[in-house]
Structure formats: structure tokens, C-alpha cells
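Novice: need a 3D model of the following:
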Amino acid sequence: MRFLESELPELRPEDCLFHILPIPYEASVSYGGGTMAGPSAIIEASSQLETWTGAGNPSELGIYTWPDVNCEGRAEMVLERIERAVDRALDSRNERIIPVGLGGEHTVTLGILRALAKRHGRFGVVQFDAHADLRDSYEGSRYSHACVMRRAVDDLGLSLFQIAVRNMSLPEVVYRESAGIHFLDARELAAKGGSAYLASLKSLLPPSFPEKIFLTFDIDALDSSLMPATGTPDPGGLFWWDALRLAELAVKERTVLGFDVVELAPMEGFHAADFTAARLTYELMDIVK
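Specialist: Model prediction:
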């Protein structure tokens, strides 16, 4: 299937700004499972979307859906395949391309970041997530989903801004402070007034943050009442309009290199979560274009 297949004709990759990369990888989930089914569920649910978001029509810029990345084997092998898949997408036309990763567990983001770092050098990552994912190792693996942002900072030298985090280990708290990572945690956002506070903001990222950015959206950043279909649903998260407002603020006066939506674990018979993830993906297209 293709993203928005019900609404759009099949296009050539060279005619499309947005390149969907389904990455059904699941190896290190630590609570609930099912993220390997996330990409196909998002793509299937996208057929129920309308092309007009209420603010724009990003589909007019072209959406191309690539075949699933092969996610069999060791983490390092899978990350290399993800990197090659992003390279192939970026090489498919001379104009700007925005790769859109669909996970799968959050580890997949590292493969995308590696490909972009080869081309762009240092850039910033804006992470929407209930968890910091800053562990150096988790359950014996440096490539656990709980370590993906640590790899981005330590291994790739990328800048990081975290949004909606509300569940961290003490070593992550210490590391985040020592590494100078910027953040707007869920508790802080609530204490400042939530939606009213966001409405008053003119910008979000500090002036020193890189001009080029990548957005990674772990759907457990959303409140668990809105998004229960994920491995670690967590209360106290973002609701719909606040999430979109934060994304708008994050990309203001920035160049977006790409984004991903990860960690959907579909629940049988519960279509709302799949559709929410598909709608989020499409709304982010409209925001970052």
C-alpha cells in the first residue's frame, strides 16, 4: 500500500517532496510489543485521511512510499539498511526531499540520522517523547530504543531539544544536565499554563540551536488517553493541538531535513490510534514543508 493511496495517484519518486520509509523494526521493546506492525497500520489508516488538513494540502507537493526496509538481523545490520534506504530516497531527485520514517521502535531514528549527518554535518534533533532515551546501554544493548538519543548526541555529535519527557532514570537526568541538552518537559509545560503558555510563545528553540533540524516523534509523547497504542503509554502527555503548536514553534525559522513517527503498537479492533498516527504524520508534513 501507499500513504494516502485512496486519494493520490501513484507518482515517480523524483516528483515528490515527501518520501515515506516504512521501517518495521522491533527488537528491544521493554514493556508492550507490536511496533513492527506500526508502519503498515499508519499507511493503511492514511487511506481514511482527507488531503485538506484545515490549514493546507501537503499532498500537492508529492508523496512517494518506498518498500519496507528489511529489518531482519542484528541492530547494526538493520541500521545500515535504514541508512542506505534514506540515501536512496535522497538520491532520487536533485531538488529538496523530506524523508519521513515510519517506525517501528525508536532505534530506527539512528539510521535516518546517520544518513543525514553524512550529507549535512551537524544539525539539531527535536524529540517529542515521554522518555529521554538517553541511556548509554539498556538490557545489554547500546542500540536499544532507550539509547537512541544518547547515540545521536555522543556518536553523531548532534544537538538535542526534548519535548514532553516525563519519565527518566536518574543517570539520564545527570547526563542531560552535563551534556547541556535543552528541554521542555511535560511537568514544566503544565506548570507554565499548557496551551495558554504555548499560545504566548513566539519561538521555542534557543537561538544557538542549529538552523537545520530533524523532528522525531515518539507517539508516547501524546497523553495515554489519546494514544494508548504504544509500548509504554504514559499519562500527563501532550494533547492534539498542543503537540501541533509545539511542532510549529520548533520549525519556525528552521530548515527541516526530515522527520519520523515511531512506536505505534496497533491494538486489534482499535482504529483510532492508527488513524491518529496517520493524521499526525500528515499534519507534520504540512508543518515542515
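
Novice: only C-alpha atoms from now on, for both contacts and neighbour counts.
Specialist: OK.

Novice: what residues are up against the residue lying closest to residue 59 once chain neighbours are set aside?
Specialist: In space, and not counting its chain neighbours, residue 59 is closest to residue 51: 6.4 Å by Cα to Cα, 6 or more residues apart in numbering. Taking Cα atoms under 8 Å, 6 or more residues apart in numbering, we find residue 51 in contact with 7, 57-59.

Novice: next: residue 261.
Specialist: 100-103, 216-219, 277, 281.

Novice: most neighbours among those, which one?
Specialist: Within the contacts of residue 261, most neighbours by other Cα atoms under 10 Å means residue 102, with 33 neighbours.

Novice: please name the bridge partners of that residue.
Specialist: Per DSSP bridges, the residues bridged to residue 102 are residue 22, residue 261.

Novice: where does the stretch 1-150 of the chain dip in pLDDT?
Specialist: Along the stretch 1-150 of the chain, segments meeting pLDDT under 70 span 28-32.

Novice: at 90 instead, please
Specialist: Applying pLDDT under 90 to the stretch 1-150 of the chain picks out residues 27-34, 93-94, 139-140.

Novice: picking that back up, want to throw the contacts of residue 261 into a markdown table with distance to residue 138?
Specialist: Formatted as a markdown table, the contacts of residue 261 follow (distance: Cα to Cα, whole Å):
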| residue | distance to residue 138 |
| --- | --- |
| 100 | 27 |
| 101 | 23 |
| 102 | 23 |
| 103 | 19 |
| 216 | 20 |
| 217 | 21 |
| 218 | 18 |
| 219 | 21 |
| 277 | 27 |
| 281 | 28 |
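
Novice: mind telling me the two of those residues farthest from one another?
Specialist: Distances among the contacts of residue 261 were taken as Cα to Cα; the most separated pair is 100 and 219, at 14.5 Å.

Novice: residue 258 contacts residue 217, correct?
Specialist: No. Checked against Cα atoms under 8 Å, the pair residue 258 and residue 217 is beyond contact range at 11.3 Å.
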